[in-house]
Structure formats: structure tokens, C-alpha cells
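Student: how does the following fold in three dimensions:
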Amino acid sequence: MRVRHSVAAYVLGIGAVLGMAAGCGTPSGSGFGSSLEGNGAAAGSSASASSAAAPPLLVSEGDATLGAPLVTADASAAGSGGDGGTRPERCNDAGCTCFNIASIGHLGVYGDNTTELINWLNTESSTAVDLYETKPTLTADFLNQYDVILVQWLSDGNGGPYWQFSQSEVSALSDWVHAGGGLITLSGFEPNSGEVAPLNTLLSFTDLSYNKDDVLFTCPASLMCSCWSNTVPVGPWAPGPIGNNIMQVGAYHGRSINPGAATIDAYGQTDAGNLIYAAHEAVGAGYIFAWCDEWVTYTSQWLGIPTTDGGANPYTTPTNACYMMSAAQVFQVPQFWYNAITYASQATSCPFTINNPTVIPR
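Tutor: Numbers count the residues shown, from 1 in each chain. All right, here's what the predicted structure looks like:
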């Protein structure tokens, strides 16, 4: 079933993008951490991006012990490897459209709600989003309505049944991406690792796949993850089309990624080895970005909702340990989505734009 979400304008209450190091790594003294300290102040950023009121650096275990960066930047800030070309406007009797996104899959249920992402896109950007919460059939006619496909929870509910995709549907998706379509995939929606099966089926024509592990569920003792509904910071990020102007975003119980030959954007060092959390690649004239989790869709991560009911707001109370430490202040979620959609949609004839002061445009 297709549901077009069109909502009243909403002014996103998020402070300026903050220039902070860290996440799942200890940047102090490491070449990787040092290379990312300028990420929040890349070309085109404003002075407000490094506000003097920024909260303290967030530091956890991991990456610095590697001694050298596992993640490397793209050769071009716009991405590299695509075959070029653009996707034209689509016109019918109702008129012409230039930028559309389809979200296919069930929306997340373990956080608060996922409406803010859709609201943000429909009211503050150059795109409109259609939601498909029951399985559509992936055909050329269906896919050609859209510039970006956002793949969410490919299930009718917790524990399945999981959606099944035929080879003809996978071939249609492959043809669409090769012709310039953009694909963004999320995971980590439920405890059952079977959730990755339909996702990996759709990605079978790429270098990317999701593992069946359960990652990013333990907060390092040095961090105040309780300030963010137990979300674990993921970072630092490699400079490039996905990582520019991002220090960290939150995740919780996700799935690591097997990147193959794709470019790695974020990773963490664990007892099990280096786990990849974000990666992207060009496929034909199209572009794909894979992310390990779904927490970036939840409203609490956008707006910094207080973690307590009633009483003083911990984020505005100077004596509280969470003072100035809301998710909206320490994570760059709008920037994450701006970067991901801009990267994935490079082949469309109309650029993705956003009217929001928290986002540093490319």
C-alpha cells in the first residue's frame, strides 16, 4: 500500500552542527582521529559549526589503537566511480516532478517514532517521500518514479514474515541503479538476524551485504549514553561524500556491514575485530549507501527529547550530567541524511536541496 505523507511545516529544533571529535574511537594521538578533527569545519561550513558552547568531546574505546586509519576518504568529495549521466524529469498528465524518494519497508518500532525524518524531507527539502509499508513489486515502472529508494525493515512485523523478492525484482533494481538510481539501506530493526535475508537479496548485485551479528548495544563506561536513550555514538567518520561535517551519529543494536570493494565511511574496533558500520559505492551510473542501524530515523535523535517525564529538562539544567548533551546537540543526524541522500542522488537532473540551518551544504 502506498501512503503519501504530506504534513504541516515543522521547524526543526536542532542547534548548529557541532564540531566534535569521537564516537567509537579515541582520537587523541591517532592519525585517524586527527584527520577527522577538521571534518566539521570542511569547506563551505560556517563559523557556527564550531560554537564555543559545544559540549565536551565524546571519547570511547577503539579506533585509536589501530595507529593508522582503516577508513580512507574518497578521491572526490562528490564521490567517484560512477559512469555519469543523469536521470531526467518524469512527466505525466498531472505535471512534472524532479526528485522523489520511496521508503519501502516497515518503519521502526523500538524507539519513539520515525515521523521526523519524513516530516523533514516533505517540508524542508526539495523532495517528496512515498511510504510503502506493505511490499510493492519492484518493476521498472515502479522504480522509475523515484530517484532514491530508502530500504527499511523488510518485514510485515517483528519476527517476520520477511518479504521475498524474485530474481526479476532484483534485476529490475539492479537495472535501475545502473541507470542512475540511488539506494540507501538500513538494518538493525529487530533482534532476529533473519531480517538481513531480504536486504542481502536486494543487495546481491553489489559489493555490499549485511552480517547477522548484533553490534553497538553496549555503551562504553566513559560515555553518558543514558542521555540519548542508550544510543551508542558511532564515529569518527572519514571525510568524503558521506562523512563530511559529521563527527558522530547514534546507533543501537545494529548489524555490521561486509563492504567488499566499497568505500568505508565508519567503523569500530571490537574484541571481534574491526566492524564496518557504514560504506558506499558507485554501481554503473548509480550510487549506494549502506548504514548499520535504524536509530537515525527516530525522532528522539533529531529533537533531543528529554529522557525523563516531568521535572527539570536535563539538557537545560546546568547541574545535570546531561546538560547540553541531548542527541540533537551531540549527533549530526540532519547532516547524515543530507549527505546520504545527496550522495545517492547524484545522477538525478535536479539536485537534492534542504532549507535547514543545521545542515552544511556541499
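
Student: give me the beta-bridge partners of Tyr162?
Tutor: Note on Tyr162: beta-bridge partners Ser155, judged by DSSP bridges.

Student: number of nearby residues for it?
Tutor: Neighbour count for Tyr162, taken as other Cβ atoms under 10 Å: 20. The way it works is simple: take the backbone N, C-alpha and C, and place the C-beta from them, glycine included.

Student: for it, list the residues it contacts.
Tutor: When the contact criterion is Cβ atoms under 8 Å, 6 or more residues apart in numbering, the partners of Tyr162 are Leu154, Ser155, Gly194, Glu195, Ala197, Pro198.

Student: correct me, but the fourth one touches Gln152?
Tutor: No: the pair Glu195 and Gln152 fails to qualify as a contact (Cβ atoms under 8 Å) at a distance of 10.4 Å.

Student: what do these two both touch?
Tutor: Taking Cβ under 8 Å, 6+ apart as the contact criterion, the common neighbours of Glu195 and Gln152 are Phe189.

Student: just give the nearest non-adjacent residue to Pro161, would you?
Tutor: Ser155 (7.0 Å; Cβ to Cβ, 6 or more residues apart in numbering).

Student: quick one: that neighbour and Ala197 touch, right?
Tutor: No: with contacts counted by Cβ under 8 Å, Ser155 stays clear of Ala197, the gap being 10.0 Å.

Student: comparing these two, which residue is more hemmed in?
Tutor: The residue with the greater number of neighbours, taking Ser155 and Ala197 and applying other Cβ under 10 Å, is Ser155; the counts read 20 against 16.

Student: pLDDT wise, what is the more buried one at?
Tutor: The predicted local confidence for Ser155 comes out at a pLDDT of 91.

Student: try Leu58
Tutor: Reading off the per-residue confidence, Leu58 sits at a pLDDT of 44.

Student: kindly report the same for Ser187.
Tutor: Confidence at Ser187, expressed as pLDDT, is 96.

Student: count the residues that sit near the residue nearest to Asn355 when sequence neighbours are not counted.
Tutor: If the residues on either side of it in the chain are set aside, Asn355 comes closest to Glu124, at 5.1 Å by Cβ to Cβ, 6+ apart. Residue crowding around Glu124 was assessed by other Cβ under 10 Å; the count is 18.

Student: tell me the predicted confidence for the nearest residue to Ile354 once chain neighbours are set aside.
Tutor: For Ile354, ignoring the flanking residues on the chain, the nearest one in space by Cβ to Cβ, 6+ apart is Ser125 at 4.7 Å. According to the predicted model, the pLDDT of Ser125 comes to 86.
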